[in-house]
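S.K.: Just a sequence and a predicted model for now, questions to come.
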Number of protein chains: 2
Amino acid sequence: MPGTSMQEPPIEALLFDVFGTVVDWRSSLVAWFEQFGRNRGCTADWPELVDHWRAAYQPALEPIRLGKRPFVTLDVLHRESLDALLPNFGLADASNADRQEMVRAWHALEAWPDSVAGLARLNRRYVVASLSNGGVRLQINLSKHADLPWDAIFSADHFRQYKPDPSTYLGAVELLGCPPAAVVMVAAHPSDLTAARTLGLRTALVARPLEYGPRKMPLADPPAAWDFSATSILDLAEQLGA
Amino acid sequence: MPGTSMQEPPIEALLFDVFGTVVDWRSSLVAWFEQFGRNRGCTADWPELVDHWRAAYQPALEPIRLGKRPFVTLDVLHRESLDALLPNFGLADASNADRQEMVRAWHALEAWPDSVAGLARLNRRYVVASLSNGGVRLQINLSKHADLPWDAIFSADHFRQYKPDPSTYLGAVELLGCPPAAVVMVAAHPSDLTAARTLGLRTALVARPLEYGPRKMPLADPPAAWDFSATSILDLAEQLGA
């Protein structure tokens, strides 16, 4: 089996990061705000708004990861950072209902073109699950919208802690009931993979050079750093013999 | 919408009990042991063994529900009750590997004939999830085996407590992010539904008169006790307009 050496157990399961790795949050949200602008007859620099919203994400998780704030689901954090942001884009008057719709836009993102076919192939041979900071309901809605064929959803909600806290990776592995080395963490982000590798999981990078838009240069990534390095989820399925 | 009165929120999600309600554990396990007997050239009263094994289930959960024993996943309890049972059926010499296979037989049960089609119909209109005492990995394997189209799996493993403890129903409702009355608990067992109803969930009985085999009389059930009463999951889908 690919990626298996004598001392390693066979791969049983893959855990996928979702935002950026499986779904294209940036294009999806920009398109959502463009439609919102047309409906409301208003305009703003939507890509800039979306980029700022996403930039607020990691700082918003930090107090929870540090134990300085009790766990709240990602929708709550998205709403707080949105509320802080809207005045800067001329949207201080947006209604509560509009703000709720904006937060719900994260529940209806589009998959990258290879994601559904790639997950479906992997799913025939392995357990294929998410491991995302998105809430359980967010992920349910997202998976229905984008037709993601998960065997199971794992969420920060389950562990009441956010990635890259070790409790999230180890919690998912425990629920899968197999050794960490039988599980592959799949992500477009080295930080996610580094955390998983430290805990004994195997790792697969899926390159998503357009995640942050066409103008952002992707980070250089040492090709030998991960157990697998793929250009798409279909490519990963090919490498894993699925 | 069916089952909605003015003071009740619309139904968003259905939570399904699994053993007995969605899958036919008894016939599946009897068939598994018959095959085991043929492979090993041994014989025993397999239906009796299966019935005794299932009868040990509720008593095994009790110390955990009472807080007298730390949570362990259902596979562990199944193995303990199996070990206690095998000597009575002339199988005291069964190997560890055979016992592991027996416990794993619970991961590969067959669905009732209406289950997959009924869940798939409900799934187009509602969030459709399990809420089972089966472990996460058990349910993943079972859902792959029987093609159950869940949007999400909820397990005793997530809440580290077994149904009918309130923390399981309330935990699932919280993860769904909607009011209890927007969630329907679906089960073949009045005890499961009674517990859910006490907590404000809506309830649907799916009659499974053959769950305990052809010789067992099903319990009489007052027809007006539940919000919905169905003869199959397809019938429930019909009643819910899905």
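M.R.: That came in fine, so what should we check first?
S.K.: Which residues of chain A lie near chain B?
M.R.: Residues of chain A lying near chain B by Cβ under 8 Å from any Cβ of the partner chain: A:73, A:75, A:127, A:129, A:135-137, A:139-140, A:143-144, A:151-153, A:155, A:157-158, A:175-178. The way it works is simple: take the backbone N, C-alpha and C, and place the C-beta from them, glycine included.
S.K.: remind me, longest helix of chain A?
M.R.: Using DSSP state H to define each element, chain A has its longest helix at helix A:25-40.
S.K.: Check the offset of that helix from the chain's centre.
M.R.: 20 Å (Cα atoms, centre = their mean, to the nearest Å).
S.K.: Tell me which helix or strand comes right after that helix.
M.R.: helix A:46-55 (DSSP states H and E).
S.K.: what's that following helix packed up against?
M.R.: When contacts are defined as 3 or more Cβ pairs under 8 Å, 6 or more residues apart in numbering or on different chains; DSSP states H and E, helix A:46-55 packs onto helix A:25-40, helix A:74-85.
S.K.: Out of those helices, flag the one nearest residue B:49.
M.R.: helix A:74-85 (47.3 Å; Cβ to Cβ).
S.K.: tell me what the closest one is packed against?
M.R.: Using 3+ Cβ pairs under 8 Å, 6+ apart, helix A:74-85 is in contact with helix A:46-55, helix A:57-65, helix A:96-104, helix A:136-146.
S.K.: follow-up on the earlier one: quick one: the longest helix of chain A to helix A:46-55, angle?
M.R.: Following axes from the mean of the first three to the mean of the last three Cα atoms, to 10 degrees, one obtains 130 degrees for the angle between helix A:25-40 and helix A:46-55.
S.K.: List the buried residues in helix A:25-40.
M.R.: For helix A:25-40, the neighbour count (16 or more other Cβ atoms under 10 Å in any protein chain shown) marks A:25-33, A:36 as buried.
S.K.: rewinding a little: dump the helices and strands packed on helix A:46-55 into JSON lines; add mean pLDDT as well.
M.R.: Listed next are those as JSON lines, based on pLDDT from 0 to 100:
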{"stretch": "helix A:25-40", "mean pLDDT": "97"}
{"stretch": "helix A:74-85", "mean pLDDT": "98"}
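S.K.: any chance of the ones you listed in JSON lines, plus distance to residue B:241?
M.R.: Output for these, formatted as JSON lines (distance: least, Cβ to Cβ, whole Å):
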{"stretch": "helix A:25-40", "distance to residue B:241": "29"}
{"stretch": "helix A:74-85", "distance to residue B:241": "28"}
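S.K.: and residue B:212, which of these is closest to it?
M.R.: helix A:74-85 (43.0 Å).
S.K.: which residues sit against the closest one?
M.R.: If you take Cβ atoms under 8 Å, 6 or more residues apart in numbering or on different chains as the criterion, helix A:74-85 is touched by A:49, A:52-53, A:56-57, A:60-61, A:99-100, A:102-103, A:106, A:133-135, A:137-138, A:156, B:177.
S.K.: out of those, which are buried?
M.R.: The buried subset of the contacts of helix A:74-85 - by 16+ other Cβ under 10 Å - is A:49, A:52-53, A:56-57, A:60-61, A:99, A:102-103, A:106, A:133-135, A:137-138, A:156, B:177.
S.K.: Count the residues that sit near residue A:162.
M.R.: 22 (other Cβ atoms under 10 Å in any protein chain shown).
S.K.: Am I right that it falls within a strand?
M.R.: No - Residue A:162 is assigned coil when assessed by DSSP: H, G, I helix; E, B strand; the rest coil, not a strand.
S.K.: got the phi/psi numbers for it?
M.R.: Backbone torsions of residue A:162, given as degrees, to the nearest 10, read phi -100, psi 150.
S.K.: Could you do residue A:131 as well?
M.R.: phi -140, psi 100.
S.K.: confidence score at it?
M.R.: Looking at residue A:131, its pLDDT reads 98.
S.K.: Repeat that for residue A:199.
M.R.: pLDDT, residue A:199: 98.
S.K.: list the contacts for it?
M.R.: Residue A:199 is in contact with A:166, A:169-170, A:173, A:180, counting by Cβ under 8 Å, 6+ apart.
S.K.: Give me the nearest residue to it, chain neighbours excluded.
M.R.: residue A:169 (5.2 Å; Cβ to Cβ, 6 or more residues apart in numbering or on different chains).
S.K.: now swap in residue A:107 and tell me
M.R.: Spatially, and ignoring its direct neighbours in sequence, residue A:107 is nearest to residue A:141 (3.7 Å; Cβ to Cβ, 6+ apart).
S.K.: Which residues are in contact with the one you found?
M.R.: Counted by Cβ under 8 Å, 6+ apart, residue A:141 has contacts A:104, A:107-108.
S.K.: could you redo the last one with a cut-off of 10 Å?
M.R.: With contact taken as Cβ atoms under 10 Å, 6 or more residues apart in numbering or on different chains, residue A:141 is in contact with A:104, A:106-109, A:134-135, B:127, B:151, B:177.
S.K.: residue ranges with poor pLDDT in chain A?
M.R.: For chain A, the stretches with pLDDT under 70 are A:1-6, A:217-224.
S.K.: if we go to 80?
M.R.: Residue ranges of chain A with pLDDT under 80: A:1-7, A:215-224.
S.K.: is it true that residue A:98 touches residue A:36?
M.R.: Yes - using Cβ atoms under 10 Å, residue A:98 is in contact with residue A:36, at 7.7 Å.
S.K.: overlap in contacts of the two?
M.R.: Among the neighbours of residue A:98, those also in contact with residue A:36 (Cβ under 10 Å, 6+ apart) are residue A:91.
S.K.: got the angle for the helix or strand encompassing the residue nearest to residue A:199 vs helix B:136-146?
M.R.: Element membership of residue A:169, judged by DSSP H and E, is helix A:166-176. Orientation of helix A:166-176 against helix B:136-146 (the same axes, to 10 degrees) gives an angle of 50 degrees.
S.K.: Next secondary structure element downstream of helix A:166-176?
M.R.: That would be, after helix A:166-176 and using DSSP H and E, strand A:183-187.
S.K.: Check which helices and strands that following strand sits against.
M.R.: Packing contacts for strand A:183-187, counted by 3 or more Cβ pairs under 10 Å, 6 or more residues apart in numbering or on different chains; DSSP states H and E, involve strand A:13-16, helix A:115-125, strand A:127-132, helix A:166-176, helix A:190-198, strand A:202-206, strand A:228-230, helix A:233-239.
S.K.: Please name the strands paired to it in the sheet, noting orientation.
M.R.: strand A:13-16 (parallel), strand A:202-206 (parallel) (DSSP bridges).
S.K.: Among these, which comes closest to residue A:122?
M.R.: strand A:13-16 (6.0 Å).
S.K.: In TSV: the contacts of residue A:141, plus distance to residue A:241.
M.R.: Converted to TSV, the contacts of residue A:141 look like this (distance: Cβ to Cβ, whole Å):
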residue	distance to residue A:241
A:104	38
A:106	34
A:107	33
A:108	33
A:109	29
A:134	29
A:135	33
B:127	34
B:151	29
B:177	38
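S.K.: what's the closest of those residues to residue A:67?
M.R.: For the contacts of residue A:141, the nearest to residue A:67 is residue A:135 (19.6 Å; Cβ to Cβ).
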